[in-house]
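*Asks:* this one's sequence-less:
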């Protein structure tokens, strides 16, 4: 008998102990371990995938890489190129040949000197198909990279490209003395992404996947060395947990907040500094021009007038976002043109437009003209890290029904959504576009960019926009480019190649401990551009 | 015993092979592809670049060709492959996530056993009592609750409203690697897993005990003048624990399955979280590795159940 009784007694004791543990930890939760005051704790929504710029694919990787690596050219507060590892760059008048002068005396954080061989290796690696660099297409116009001595590099382009300086020269420069030992084909397996080495303001320290990444300042940094000794990025998915950590002072910066969290912190009147900066993205509904009705401008404009975007946006972001007026985001202050045709919510006008164009309401409540019936499927990603709110879709559906356009809502997981839409298997699709600090829209709108060549999976064709996007990218001088992009923005607003929805905002909460030039803060990963000038105060 | 183990493992090989073929086929035939790992920038990737990326990963070949490569890699190099997302060996990624999952599952399992076995036994001994009915109703209620739903309800009640427990994650900012804080974070998810698995344990234990209680040898024991306590605890209990041991083995994979949803809802960076993200990102090597680990667990669980059965009951012989 004794044996079983003992076992049961043992089990009961264990249960009590476990309960006690829980109790103790419950009580102890309020207490905080002393926190290193010289560490900047940043909260992020997800983890980086890899810290190897040749293979990284997400936002968080870009943020962390910007601490570890430098590029030849950096982004200034007006999204203009400013010197970094390059001290100057100069192109021939045709924009086909560029000479870049490199900064002297720069060292990688392992002590090796930085020189032209690193630049040449980096660009050759990106351009070589063996490396399988996923964004090779964005650099493909670079024909050749050649070093002239240790501090000068020549780039030859196959065609003039306005994005050369701002985008191509903004790529992280990798250490040839480490990666050059491996052939391009084997770059995927170097493990460099787990312990990256660059010339940047911070040195990679430790990475606990899906938990945190930490960095220490690089005292040898060529520019002003960073003042904040340590930066730790923590992955915290739960909105409330992030807000709690900010309010308790356990974290210093809450990056990528959603509108709800931002509003909570704003109303709480904490001493937190709240940044609210327009993003480089534009959210819109893609329209498939091979579908009946869509090529008709009256239908597209009716969709815009019949859609109460303002109410929807207000409901979803509490009025903290701006209605999109086109595709070029308003964050690009020097390029963005607000004086274009607007589409206020005027359902009567939408109905009149359709009526005039000959679309009559059928017995099923859906308008039709001959064999064209205005019925579409609205596809959107409903799961995964890039999900869109189903509310946007259903509100659109209801608004369209009111003007006589039938919309069926289809939610797909992101992977399926991507392949479907990019292959043109959709009627209307919700997605975003942007992230590039330039007004160029060639791959999206050019009629020579239908899949598989480019991203015009709307199959949109407009000769005047074609002229604008092609001229705009072939010119290097911003003053000469501007008229083309002004024209393009007007045409886009008039012709509605997509249904404009939202100019999103970057929302960041910052503890009063952190000080930097808030006035000139940029959105997204560019927030950390001048992190070496940030300070922590008591 | 050794012979049994060898025989069972040998029989498991074709089974595992079949599982791997079916899983690979299902994955290969499902829509979407690993370009989803590009998230926001995915749209900027031109279809040509996408095709090139797919080609580098060998995904432009039919699924059965890919499967042969995958199998060859596993058999000849003992490798489960490299993740598409971060180029790290899948094994490393899984081993990294395993401790958290095991921690959570063992808390859940220990609590389940501690609670379910006494309830089951007591229900059987006091069959037809109010306690028995209450336990039965509760067991069925908990059995009927989907784990993802219960997770959301638990977060809403205990985290959002009562603030007893954190809603997600495994440690608070500033408490990294603090075991007490870790336990505090794991209690709620472990409780959810425990709640849904409680039912089967209680019912099993109750049925087994009832079975034993009707045996003639208990009447013999009682007629010898033994106290009811000795009869129940010494004579009945040992036999009544047998089916429960079986359940332990059979429950292993179900536990891992439940952990998938719980980890996702509670944002616990364990194996389930890794698995669901891998599915969303179409990171096939990670998905395959996790599927195969679960399959091996099913086979192992069955084997363990059989062995445990034999150890507890000398009447069972293996031949």
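*Replies:* Nice, thanks for sending it over. All values derive from a computational prediction rather than experimental measurement.

*Asks:* need the residues of the stretch 201-319 of chain B near chain A, please.
*Replies:* B:229, B:230, B:233, B:234, B:237, B:238, B:267, B:269, B:273, B:280, B:281, B:282 (C-beta under 8 Å from any C-beta of the partner chain). C-betas here are computed from N, CA, C, even on glycine.

*Asks:* Between which two of the residues you listed is the distance greatest?
*Replies:* Pairwise distances across these (C-beta to C-beta) peak at 60.6 Å, for the pair B:230 and B:282.

*Asks:* out of these two, which sits in the busier spot?
*Replies:* residue B:282 (27 against 16; other C-beta atoms under 10 Å in any protein chain shown).

*Asks:* ok, then the element right after the helix or strand bottoming out on mean pLDDT in chain A?
*Replies:* Ranked by mean pLDDT, DSSP states H and E, the weakest helix or strand in chain A is helix A:2-28, scoring a mean of 48. With elements assigned by DSSP states H and E, the helix or strand that comes after helix A:2-28 is strand A:39-44.

*Asks:* Quick one: mean pLDDT for that following strand?
*Replies:* Over the span of strand A:39-44, the pLDDT mean works out to 93.

*Asks:* these two touch, right, residue A:330 and residue A:504?
*Replies:* No. Using C-beta atoms under 8 Å, residue A:330 is not in contact with residue A:504, being 10.4 Å away.

*Asks:* neighbour count winner among these two?
*Replies:* residue A:504 (24 against 19).

*Asks:* was I right about the more buried one contacting residue A:283?
*Replies:* Yes. Between residue A:504 and residue A:283 there is a contact at 6.2 Å, judged by C-beta under 8 Å.

*Asks:* list residues touching both of the two?
*Replies:* residue A:432 (C-beta atoms under 8 Å, 6 or more residues apart in numbering or on different chains).

*Asks:* Give me the below-cutoff pLDDT ranges for chain B.
*Replies:* Low-confidence segments of chain B, defined by pLDDT under 70: B:39-44, B:312, B:314, B:317-319.

*Asks:* What about residue B:271, how many residues nearby?
*Replies:* Residue B:271, neighbours per other C-beta under 10 Å, totals 28.

*Asks:* cool, and the one 4 residues further on?
*Replies:* The criterion is other C-beta under 10 Å. On that basis, residue B:275 has 27 neighbouring residues.

*Asks:* Any idea how far stretch A:130-142 is from the middle of the chain?
*Replies:* Distance of stretch A:130-142 from its chain centroid, counting by C-alpha atoms, centre = their mean, to the nearest Å, is 19 Å.

*Asks:* Can you confirm whether that stretch lies near chain B?
*Replies:* Yes. For a cut-off given as C-beta under 8 Å from any C-beta, stretch A:130-142 has contacts with chain B, namely A:132, A:134, A:135, A:136, A:137, A:138.

*Asks:* list residues touching both of residue A:330 and residue A:504?
*Replies:* Joint contacts of residue A:330 and residue A:504 (C-beta under 8 Å, 6+ apart) are residue A:278.

*Asks:* buried subset of the residues of stretch A:130-142 next to chain B?
*Replies:* Buried subset of these (neighbour count, 16 or more other C-beta atoms under 10 Å in any protein chain shown): A:132, A:134, A:135, A:136, A:137, A:138.

*Asks:* and the gap between the nearest residue to residue A:456 once chain neighbours are set aside and residue B:70?
*Replies:* Leaving aside its chain neighbours, residue A:456 sits nearest to residue A:449 (4.0 Å; criterion: C-beta to C-beta, 6 or more residues apart in numbering or on different chains). Look at residue A:449 and residue B:70: by C-beta to C-beta, to the nearest Å, they are 36 Å apart.
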